[in-house]
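**Q** Have a look; sequence and predicted model below, questions after that.
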Amino acid sequence: MTALLTTTDLVTCAGVARTFGTGPTAVVAVHDVTCSVSRTTRAALTGSSGSGKSTLLHLLAGLDTPTAGTVNWPGLGGHPLARPGRIGVVFQGPSLLPALTVAENVALPMLLDDSDSLGDSTERDAHARALEALTVLGIADLHPRLPEELSGGQAQRVAVARVLAARPALILADEPTGQLDHETAATVIGALLTASDELDAALVVSTHDPLIAARLPEQWVMRDGSMIESREAGR
Amino acid sequence: MTGVWLLGMVRRRPGRLIGTAVGIALAVALLASLGSFLAHAKATMTSRAVRGVTVDWQVQVHSGANVPGVAQAVRSTAGVRAMDTVGFARTSGLAATTAGSTQTTGAGVVLGLPADYRTAFPGELRTLVGTDSGVLLAQQTAANLHAAPGDTISIGRAGRAPVSVRVAGVVDLPQADSLFQTVGAPAGSQPSAPPDNVVLLPSPLWSQVFAPLAAARPDLVSTQIHVGLDHRLPSDPASAYTRVVASAHNLEARAAGAAQVGDNLAAALGAARQDAAYAQVLFVFLGLPGALLAGLLTATLAASGATRRRAEQALLRARGATAAQLMRLAGIEAGVTGVLGAAVGLGAAAVVGQVAFGSAAFGTTASSAAVWSGASAVIGLLIAAAAVLAPARRALRQETVSAGRSAVGALHYPAWARYGLDAGALIVAGLVFTATSRNGYQIVLAPEGVPTISVSYWAFLGPALLWLGGGLLAWRLADGALGRGRPVLARALRPFTQRLSGVVAGGMSRQRRPLVRAIVLLGLAVCFAVSTATFNATYRKQAEADAQLTNGADVTVTEPPGSSAGPDAARTLSAISGVKAVEPIQHRFAYVGTDLQDLYGVRPNTIRHVTALQDAYFRGGTAAALMARLGAQPDSILVSAETVKDFQLHPGDTLNLRLVDNRTHQQRAVPFHYAGIVAEFPTAPKDSFFVANADYVARMSGSNAVGAFLVDTGGRNTGAVARRIQSTLGSAAQVTDISTVRTTVGSSLTAVDLAGLTRVELAFALVLAAAAGGLVLALGLAERRRSFAILAALGARRRHLRSFIASETLVLTVGGLAVGIAIGWVLSDMLVKVLTGVFDPPPSAVTVPWTYLTGVALIAVATLAAVTAVAVRAVSKPAINVLREL
């Protein structure tokens, strides 16, 4: 059910559970999941709505704390919140800052990462990298706009660009193509795969879409909070 | 649906609800507290005015009229508590031979008083030496005649032989002005000065002495019936005045032309109703801006959730909710916050009333309590409606669903800014102020004998428009600085935000409208604190100056008439514990032409060490310059403006005064040179007087006798020092201290209630300043917690989040304080000038209460810093409930 633990693992989960609330109304979102993510991981996380995909991604990103089990980030040098920029997350819903332009939104993770090699001329360089990422996704012309001036699909592509521009070691994408048409979705997934190859970054994408899932070599399947299957494509 | 909505609002948006309710509570509490103050102040003014009157009516019986008949008419008047018949007779002159010399006086008045007069009208006479009954001399008359108890004086009777009587005592007549008034003088005429010479005889003796004169010269003898009334009157001075005047008119009508009422009670109430009108004006000038500010605060707090509310509305509209349903939901929010705010506000006002005025009731009667609490609560509900319902209605009418979901939106200039309403308001404020100043800042007119008072409320337009125009101009400037000035802002923020400065400045600039509103609101709150505190500080200083003018210094020792104590007696006083300095002041009477005036001889070089001489007391130079002139040119003299006008004086002119020469006991002409005008001087009366160099007066009059010693105690323990001085000197000298005088001088407005008003206003100003900054910032940040959660999820560390939040706090603090100080400064000056009628004496400059204002600034900054610290801490970890929505 799980990948083998190796020293090159970026993230490891052991018997991880996440329960929301207490007592009879408690909801078990994730239950006893053990998994690991290495730099070569290119996984599609599939499962029905409410199966725990988003919660697991949040746990892997260090944005949430498990109620049982442990999550470690051996290949990232510690908790991601203490080392910003190492993990890039594409959220399911709108996640752009409304008061910043598209270019500023994409450049933001780089400006927040004090450990990068941008030096003193960071703002200009960050904007240059932001434009690069927007160009890869074919939306460079949107750079001066505000998020509220974008369609849902455009906003999601900007969120993907934001992750790519930051050049993380691990990309976690939560339904990144949920609001996109097939053609654009294919472009976005293609961009994520290309970026993960170029950056030597791991990629975990949660999705409902079997076509999207099929483009990733590994398949992680969740049901009722548990990971019921972990296999490579074609097996 | 409404129940679910309400429950959801209480559970999910408690901050917004509580914040809005707090703003409403502040407005309601301020209005109710000030209303309570107003009602309480008016009641106190009435009781205070009434307490100061000893003889309420002096009913003048017309010559030849039937005195018992008039007395019967008086007796049958409702509310008459006491009455006595008093005889008035004019004497051709008085004479006394003492120590081998004979002194004579000019014409005078001889009163005939019944035996129970002192009991019926306590306070009308005050015995200085001798007994309480028998033949009594007024203080100045005793001085003129050099007479003392046991001496014999003769009373001249026109065309008849003088009568000799033995003096039993010397008295002071504290109410001489009203006692010797011309009953029936036309309204607005100058009050006649009390006679220089007064003798008081027991009624039987007076009748015996003047019955023959009354028969021969009835024009020289008259009768008054002095009346004491029941003082249970309406609490409002204007109502009490109307009742007393009506009762007097009724008596005159029943007397059918046989008598006329000299209405001392109405005169006192007339002054009190003017003070009450000023209290009302103060309520308008100082109270309403605070309530308005609290309303604005409420609107701003409600507006801080406007983006979310619009988005919720848009969502509901997209799901098919009708406009009526949405308005009902907004109405529920307005109703809940309005009722909650009004209830909390009334409770807070009750506490404030208890602490500040000693009563939790909003007024002195049940009806005034109901009116004030009801009116305040209604205003609270109106504020809730204006803050919540109006924007919801506007959004429904004007916005599309997609526009409603916008968080930033296009920043249009409001209509007022396009039409320059700010500049217009400031120009009109200047014009109104100029027009008011031409009128001598007379905003309350209470004509004598007229029941209605005229209050010029339009003078309020000047400060009101300045406030409005200043606030709008501040909005325009802040909007421009954050909009067009984004590059400058980014550079200014770089030290705090480093490479995030461009992003921080950009975000702040695009979402600047809530920040601009917060800056203006904080500015107006600080302005309210500055203007209110400055007005109150100036008022307090002038009230203190008034007390100093009346008493002279911390403690004043007035020598008895005829005392020959010289300046050396100061040594005895200096040795008393608690006395820091003693300054002798001579007091003489001097004739200029036929006019008798008080003359004060001072030591120009040292007088300022013990008493405050304000520049506003003088014209023709500052206090220091004129005292220096008196010192350099000993024959210089300061005179009243009236004397300058009457005698056409020009600086340097010789002014010959007639003074009694102590060596010859005869009057002699003494030359002085006019050096300047004095309007007020410590211990001096309100009317005309002279101030001259004491050494010159002593040399020319042959006497260095001192009238009073001014004692400086450093402002501490004045009562105790006064008691020690009194026990050292004995009962002959009159010792008064400033703390006792403070409670009795000035208008009723001065002494009674302003302290309570000050406490209430300063406390509210402090709360408003803290709330305007802190609450608006806190709610604004809370509304953007999703943005901060995204930032945290993107890897923003605490210092990054701090740089985002603290930059906003910094801009708000600097902008708000700058706006507040600038508008407050100008407004304070305008308020003090427009309300100059409240001050006695008028101030020459405003007094800035630095300690309080520094406290306000520190509290505002501390509140903002606390909100920032709490917000940074709260958003440092990604909020999982927010992230689950992402």
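**A** Looks like it came in fine. Numbers count the residues shown, from 1 in each chain, chains lettered A, B, ... in the order given.
**Q** can you tell me which residues contact residue 62?
**A** Picked chain A for this. Each residue near residue A:62 by CB atoms under 8 Å, 6 or more residues apart in numbering or on different chains is listed here: A:71, A:73, A:79, A:80, A:81, A:87. The C-beta positions use only the backbone N, C-alpha and C, and glycine is treated the same way.
**Q** meant chain B, my bad for not saying
**A** Taking CB under 8 Å, 6+ apart, one finds B:257, B:258, B:259, B:260 in contact with residue B:62.
**Q** So which residues on the stretch 701-850 of chain B come close to chain A?
**A** B:787, B:790, B:791, B:792, B:793, B:794, B:795, B:796, B:797, B:800 (CB under 8 Å from any CB of the partner chain).
**Q** Residue B:715: which of these is nearest?
**A** Proximity of those to residue B:715 (CB to CB) peaks at residue B:800, which lies at 55.0 Å.
**Q** Where does that closest one fall, secondary structure wise?
**A** helix B:798-834 (DSSP states H and E).
**Q** For that helix, which helices and strands make contact with it?
**A** If contacts are counted by 3 or more CB pairs under 8 Å, 6 or more residues apart in numbering or on different chains; DSSP states H and E, helix B:798-834 sits against helix B:421-438, helix B:461-483, helix B:486-497, helix B:501-510, helix B:512-551, helix B:754-783, helix B:785-793, helix B:850-875.
**Q** returning to that earlier point: so which of the contacts of residue A:62 reach chain B?
**A** The subset of the contacts of residue A:62 within reach of chain B, by CB under 8 Å from any CB, is A:80, A:81.
**Q** Could I have the buried ones of the contacts of residue A:62 as PyMOL selection syntax?
**A** Remark: buried members of these, expressed as a PyMOL selection using 16 or more other CB atoms under 10 Å in any protein chain shown:
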select buried, chain A and resi 71+73+80+81+87
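**Q** In JSON lines, list the contacts of residue A:62 along with distance to residue B:412, secondary structure and pLDDT.
**A** Below are these laid out as JSON lines (distance: CB to CB, whole Å; DSSP: H, G, I helix; E, B strand; the rest coil; pLDDT from 0 to 100):
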{"residue": "A:71", "distance to residue B:412": "49", "secondary structure": "strand", "pLDDT": "93"}
{"residue": "A:73", "distance to residue B:412": "48", "secondary structure": "coil", "pLDDT": "90"}
{"residue": "A:79", "distance to residue B:412": "45", "secondary structure": "coil", "pLDDT": "77"}
{"residue": "A:80", "distance to residue B:412": "42", "secondary structure": "helix", "pLDDT": "74"}
{"residue": "A:81", "distance to residue B:412": "40", "secondary structure": "helix", "pLDDT": "70"}
{"residue": "A:87", "distance to residue B:412": "41", "secondary structure": "strand", "pLDDT": "88"}
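**Q** Which of the contacts of residue A:62 sits closest to residue B:623?
**A** Nearest to residue B:623 among those: residue A:81, at 70.0 Å, using CB to CB.
**Q** Dihedrals phi and psi, the residue nearest to that closest one when sequence neighbours are not counted?
**A** Leaving aside its chain neighbours, residue A:81 sits nearest to residue A:62 (5.4 Å; criterion: CB to CB, 6 or more residues apart in numbering or on different chains). Main-chain dihedrals, residue A:62, degrees, to the nearest 10: phi 80, psi 10.
**Q** Check residue A:62 and give its pLDDT.
**A** Residue A:62 carries a pLDDT value of 88.
**Q** can you tell me how far it sits from residue A:73?
**A** Here residue A:62 is placed at a distance of 7 Å from residue A:73 (CB to CB, to the nearest Å).
**Q** So for the two, which residues contact both of them?
**A** Common contacts of residue A:62 and residue A:73 (CB under 8 Å, 6+ apart): A:79, A:80.
**Q** Mind telling me which residue is nearest the centre of chain A?
**A** residue A:172 (1.7 Å; CA atoms, centre = their mean).
**Q** Pull the number of nearby residues for residue 146.
**A** No chain in the question, so chain A it is. Burial measure for residue A:146: 21 neighbouring residues, criterion other CB atoms under 10 Å in any protein chain shown.
**Q** Chain B was what I was after
**A** Around residue B:146 there are 17 other residues, counting by other CB under 10 Å.
**Q** Isn't it up against residue B:96?
**A** Yes: using CB atoms under 8 Å, residue B:146 is in contact with residue B:96, at 6.7 Å.
**Q** Touching both of the two, which residues are there?
**A** With CB under 8 Å, 6+ apart as the test, residue B:146 and residue B:96 both reach residue B:103.
**Q** Now do the same contact list for residue B:300.
**A** Counting by CB under 8 Å, 6+ apart, residue B:300 touches B:23, B:517, B:518, B:521, B:772, B:776.
**Q** 10 Å - rerun?
**A** Counting by CB atoms under 10 Å, 6 or more residues apart in numbering or on different chains, residue B:300 touches B:19-20, B:23, B:306, B:387, B:514, B:517-518, B:520-522, B:772, B:775-776, B:779-780.
**Q** circling back to that earlier point, could you turn the buried ones of the contacts of residue B:62 into a ChimeraX selection?
**A** Selection command for ChimeraX covering only the buried members of those, criterion 16+ other CB under 10 Å:
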select /B:258,259,260
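**Q** For stretch A:14-34, which residues meet the burial criterion?
**A** For stretch A:14-34, the neighbour count (16+ other CB under 10 Å) marks A:14, A:16, A:17, A:18, A:19, A:20, A:28, A:29, A:30, A:31, A:33, A:34 as buried.
**Q** that older thread, the helices and strands packed on helix B:798-834: lowest mean pLDDT?
**A** helix B:754-783 (a mean of 80).
**Q** tilt between that one and helix B:512-551?
**A** Put simply, helix B:754-783 runs at 170 degrees to helix B:512-551, going by axes from the mean of the first three to the mean of the last three CA atoms, to 10 degrees.
**Q** List the buried residues for helix B:754-783?
**A** B:754, B:756-762, B:764-783.
**Q** mind listing which of the contacts of residue B:62 are in strands?
**A** B:259, B:260 (DSSP state E).
**Q** Tell me which of the contacts of residue B:62 has the lowest pLDDT.
**A** residue B:257 (84).
**Q** list the contacts for it?
**A** Residue B:257 neighbours (CB under 10 Å, 6+ apart): B:62, B:65.
**Q** can you tell me how far it sits from residue B:182?
**A** Distance from residue B:257 to residue B:182, by CB to CB: 18 Å.
**Q** Was I right to think residue A:47 contacts residue A:225?
**A** Yes: between residue A:47 and residue A:225 there is a contact under CB atoms under 10 Å: 9.4 Å.
**Q** anything in contact with each of those two?
**A** Shared contacts of residue A:47 and residue A:225, defined by CB under 10 Å, 6+ apart, are found at A:53, A:56.
**Q** So which elements touch the lengthiest helix in chain A?
**A** Using DSSP state H to define each element, chain A has its longest helix at helix A:182-199. Helices and strands touching helix A:182-199, by 3 or more CB pairs under 10 Å, 6 or more residues apart in numbering or on different chains; DSSP states H and E, are strand A:42-47, strand A:87-90, helix A:122-136, helix A:152-166, strand A:170-174, strand A:202-206, helix A:210-214.
**Q** one more time with 6 Å
**A** helix A:152-166 (3 or more CB pairs under 6 Å, 6 or more residues apart in numbering or on different chains; DSSP states H and E).
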